[in-house]
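Participant: Starting from these lines, generate the structure:
(2 chains)
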Amino acid sequence: MSVKVMIPTPLRPHADGKAAVEFQAKSVAEALDQLTAQYADLKKHLFTEEGSLRSFVNVYVNGEDIRYLAQENTPTKDGDTIKIIPSIAGGSVTPTTTENPFGAVLQN
Amino acid sequence: MADSTTLSISSGLAERIRKHGAETYPHECCGALLGRDAGLGSDQKRVREVLDCLPLVNRRDDSPNNRFSIAPMDVIEADRVAQARGMELIGWYHSHPDHPARPSEYDRNHAWPWFSYIIVSVHAGVPKEMASWRLNDDRTEYSQEAIEIQSEAIARP
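Facilitator: Down below sits the predicted model:
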């Protein structure tokens, strides 16, 4: 069950410069676990301190956003490609309330 | 790694970013920086060149005056355009209407490492200072990177 994980440019310095790595994984969670076990520095950029994927980290399996599949439990099979795609967000002031940084665009 | 970088940009491209900020005022503008990451020079300084910029749509319809967001589909498209032009996607720009060109805590919480983040301050519709920032690898703070404005005559295409 070899699954290819594509690493975006800004994270490659934390993954020995690699653009892609392959793992034996039956789900997205398994693949990301192995990725961050192999490259520990990636963890803080991909996951919050509570362990959930950061809101600006988007994960696609064969082009499908896992938010519309089974999230991190999305199963993977031999030959699948997992892509990590950044969203970019920011703003001039610090928020006073919890908000969705991507407005309506990425709401589940 | 983020503490000894310089971002080189032509005066024309810098002006385009400033104008974009003025056009969208009082809302934040945003866009992609395309160019080349030249790596470490002989003086151990990392120089990045912005060779083009790509204005993008601010997807934060609910709060565009103090927020911006660039959807993943737009990130993918910016990356495709960069590669088609023989460049890399090296960072992003956005404006801070009536706020300084300094990253907010919100900016830091949502930033990626490695990318350069140009912020242009726009006061009462008039673009003012511009600064570039990079998130430190431990995500705790930004480092400012120097911006070198190149005159059009010597800027590379």
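
Participant: near chain B at all, the top helix by length along chain A?
Facilitator: Longest helix of chain A, by residue count under DSSP state H: helix A:28-38. No: using CB under 8 Å from any CB of the partner chain, helix A:28-38 stays clear of chain B, with a minimum separation of 14.8 Å. Where you see a C-beta, it was placed from the backbone N, CA and C, and this is true even at glycine.

Participant: I'd like the next helix or strand past that helix.
Facilitator: Where DSSP states H and E defines the elements, the next helix or strand beyond helix A:28-38 is helix A:43-46.

Participant: Pull the residues that contact that following helix.
Facilitator: Contact partners of helix A:43-46, identified using CB atoms under 8 Å, 6 or more residues apart in numbering or on different chains, comprise A:10-11, A:14, A:32, A:36, A:53-54, A:57, A:84, B:112-113, B:138-139.

Participant: Now, those residues that are in helices?
Facilitator: A:32, A:36.

Participant: Mind checking which of the contacts of helix A:43-46 are buried?
Facilitator: Among the contacts of helix A:43-46, those classed as buried by 16 or more other CB atoms under 10 Å in any protein chain shown are A:10-11, A:14, A:32, A:36, A:53-54, A:57, A:84, B:112-113.

Participant: I'd like to know which elements the longest helix of chain A is packed against.
Facilitator: With contacts taken as 3 or more CB pairs under 8 Å, 6 or more residues apart in numbering or on different chains; DSSP states H and E, helix A:28-38 sits against strand A:2-6, strand A:20-24, helix A:43-46, strand A:57-61, strand A:81-86.

Participant: looking only at pLDDT, what's the mean for that helix?
Facilitator: Summarised as a single mean, pLDDT over helix A:28-38 is 97.

Participant: Can you show me the CA trace of it as CSV?
Facilitator: C-alpha atoms of helix A:28-38 as CSV (Å, rounded to 0.1, in the frame of the first residue of the first chain):
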residue,chain,number,x,y,z
VAL,A,28,-4.7,9.9,5.5
ALA,A,29,-4.1,9.9,9.2
GLU,A,30,-1.6,7.0,8.9
ALA,A,31,0.2,8.7,6.1
LEU,A,32,0.4,12.0,8.0
ASP,A,33,1.5,10.2,11.2
GLN,A,34,4.4,8.6,9.3
LEU,A,35,5.3,11.9,7.6
THR,A,36,5.5,13.7,10.9
ALA,A,37,7.3,10.8,12.6
GLN,A,38,10.0,10.9,9.8
